[in-house]
Each structure stands twice: as structure tokens, then as C-alpha cells.
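>>> Fold the following.
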Amino acid sequence: MTRRGLDAGAETIAAHLATNPSVTKVPAVSTIWRILSRRGFVTPQPHKRPRSSWKRFQADMPNQCWQADVTHWHLAAGGGVEILNVIDDHSRLALAGLARRSIGGPDVLTTFAAAFTTWGHPQSVLTDNGAIFTGQPRRGGRTALEITLGTLGIKYLTSRPYHPQTCGKIERFPQTQKKRLTAHPATTLTQLQDLLDEFCTYYNTARPHRALGRATPIQAFKARPKATPSGYLIPAHCRVRTDTIDAAGVMFLALSAYCTRLLRAGSMSSTG
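Just a heads-up that it's a prediction; the model follows:
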């Protein structure tokens, strides 16, 4: 399985054996681990921070939150490419995987539109602060993705700058994905896209996921009712701004130079 770029740990092997009708008795995970270790298939890992010390979040329902991010890859024939991944926070379902030389705003919009058609509209979308996702805080405007989400009532969330843990699931996903891509090097974008599509099918329907109690993502996605958009509908022509309210309940507005001139002109005319 490792040669195919797939997971081959003791728990994964046990889960696959449990679904194999020709296997009458599945060995204990500890037994499988000892056999793998004895044959030199287990690579010792450095001690990590215990899982119990992390504050873990998982959406309660499918489609409650989607996470999206871009990762980098190199083709076997040379040349860097980018891969846009979108997953469901609750079920870990791989909703989309798109390969391009460079991912742009139109690619993001097209990918989300296709995912909406296949999986439905999510309640919220979470990304980092990349310029292809959000116009804040660099330009103060809205990207095509933000505008589209606003018109559908889908809440848009961004992680805290330089804090990838907020998007931990989508940050971790490429590690599993790239095992498969490494085992089958693609020389062209078309080959890479075919590999991504094949991987998504395997990941969603066959790979038992530890965080899901060894269920597959598609099983977890179908097991519960789906969340739906519940945010405010924001027309495409509207501009969204954020203001601060202090402890006394006072809100400070940053006025444009044009508005300031109008206010001054009105004040002068009323006193004159």
C-alpha cells in the first residue's frame, strides 16, 4: 500500500481487513503493529505534543463549515503548480481538488460553484487571508468569492494572520494527498488532475479516517442532516465595512475625504 501512496498503518490495515468479506477474523491492531515492526515497516516518530493538550474543533454537521487552501507541487517533468483543495470540516470529505499552474480568483469561483452543485451550499467557508480568497485587509474591497458567498447568505470566515492552526484540517490534508502524488509522479497538468480526482474518490469512499472512528468521509457526510446558509444576504453592489465599538458603546467611523468635505461645507453654511 505504501508503494501506491496509500496509508498502511496498523489501524488502517485492520479497518480494511474488517471490510473484506473473505477475512473471517481480524487480528488485533497491536498484533498487526508488532508484525509490521518486526519486519522493519514501522518508522519511529519523534515524541509530539499529546493530542489531549490541543483545543480541538469540529463542526457539528456536514456543510456547517468548508475549509479551502492552496498547496504547491512540482511536476515530474519540471515546473511548479498549485493545487486548490476544499474539504468539509465535519466529515473531512474532499469536496474539490483543482490543479493549475497558478490558482487565480476565477479558478476559486469556478471550483466553489461546482462544489455547490454537487454537495449543496455550506453554512460558512473558512480560508486563510490569501489574496485569491479575500480582499481584506489589504485592499478593503471584496473578491469574487466573497461577493458570491454574500449573495447566497454563506458566512465567510478567515483565519488569524500567521496562525495556520485555525485551518488545521485543510493544512493537514495535503500530507495525505501528496503521498499518493509522490508514488505516481505526474508529468503534465492533465495527469496530475487525473491523480487528484482518483485520490479524492479513494479518500472519500475507501480510506478509513481516524478522526471519524474509522468511517469514511462519505459515510460521515451522509450520516447526519446538512447545515444550510443562515447568514445575511449581501447584494453584490454593497460594500462591507468593519467598525469598532468601545466599552461605552461608542462607534468610531473612519470618514472618507469626500464625506469630510461635505460635512464641513454643511457646517459652514449653517453658521453663515
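
>>> can you list the domains in the protein?
2-38, 56-223 (automatic domain parsing).

>>> okay if I get these as CSV plus mean neighbour count?
C-beta: built from backbone N, CA, C; applies to glycine. Output for the domains of the chain, formatted as CSV (neighbours: other C-beta atoms under 10 Å):
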stretch, mean neighbour count
domain 2-38, 14
domain 56-223, 17
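
>>> weakest of those domains in terms of mean pLDDT?
The weakest mean pLDDT among the domains of the chain belongs to domain 2-38, with a mean of 66.

>>> which stretches of the stretch 1-150 of the chain form helices?
Secondary structure of the stretch 1-150 of the chain (DSSP state H, counting those that start in this stretch): helices at 10-18, 29-38, 105-119, 144-152.

>>> re earlier: can the domains of the chain go into a markdown table with extra columns for distance to Ile234?
Output for those, formatted as a markdown table (distance: least, C-beta to C-beta, whole Å):
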| stretch | distance to Ile234 |
| --- | --- |
| domain 2-38 | 41 |
| domain 56-223 | 3 |
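
>>> Which of the ones you listed sits closest to Asp246?
Among the domains of the chain, domain 56-223 comes nearest to Asp246, with 20.3 Å by C-beta to C-beta.

>>> How far does that closest one sit from its chain's centre?
How far domain 56-223 lies from its chain's middle: 4 Å, per C-alpha atoms, centre = their mean, to the nearest Å.

>>> Now for the most centrally placed residue in the chain: which residues touch it?
Geometric centre of the chain, nearest residue: Gln67, 2.7 Å, by C-alpha atoms, centre = their mean. Shown in contact with Gln67 (C-beta atoms under 8 Å, 6 or more residues apart in numbering): 86-87, 89, 125-127, 167, 169-170.

>>> just those residues now: which is nearest Ala223?
Closest approach between the contacts of Gln67 and Ala223, by C-beta to C-beta: Asp89, at 14.8 Å.

>>> now that closest one: how far from Arg172?
12 Å (C-beta to C-beta, to the nearest Å).

>>> returning to that earlier point: find the nearest non-adjacent residue to the residue nearest to the centre of the chain, please.
Ile170 (3.9 Å; C-beta to C-beta, 6 or more residues apart in numbering).

>>> what helix or strand does that neighbour sit in?
Ile170 is located in helix 168-183, with elements delineated by DSSP states H and E.

>>> Now do that helix: which elements does it pack against?
For helix 168-183, the contact count by 3 or more C-beta pairs under 8 Å, 6 or more residues apart in numbering; DSSP states H and E identifies strand 66-74, strand 80-88, helix 189-205 as packing neighbours.

>>> Just give the strands next to the second one in its sheet, each with its orientation.
It refers to strand 80-88. Its sheet considered, strand 80-88 pairs with strand 66-74 (antiparallel), strand 94-100 (antiparallel) by DSSP bridges.

>>> tilt between it and helix 189-205?
Orientation of strand 80-88 against helix 189-205 (axes from the mean of the first three to the mean of the last three C-alpha atoms, to 10 degrees) gives an angle of 20 degrees.

>>> For Val42, give me the pLDDT.
pLDDT, read off for Val42, is 62.

>>> so who does Leu157 touch?
For Leu157, the contact set (C-beta under 8 Å, 6+ apart) comprises 65, 124-127.

>>> From those, pick the one nearest Gly213.
Among the contacts of Leu157, and counting by C-beta to C-beta, the member closest to Gly213 is Cys65, at 19.7 Å.

>>> what about that closest one, distance to Gly105?
Distance from Cys65 to Gly105, by C-beta to C-beta: 21 Å.
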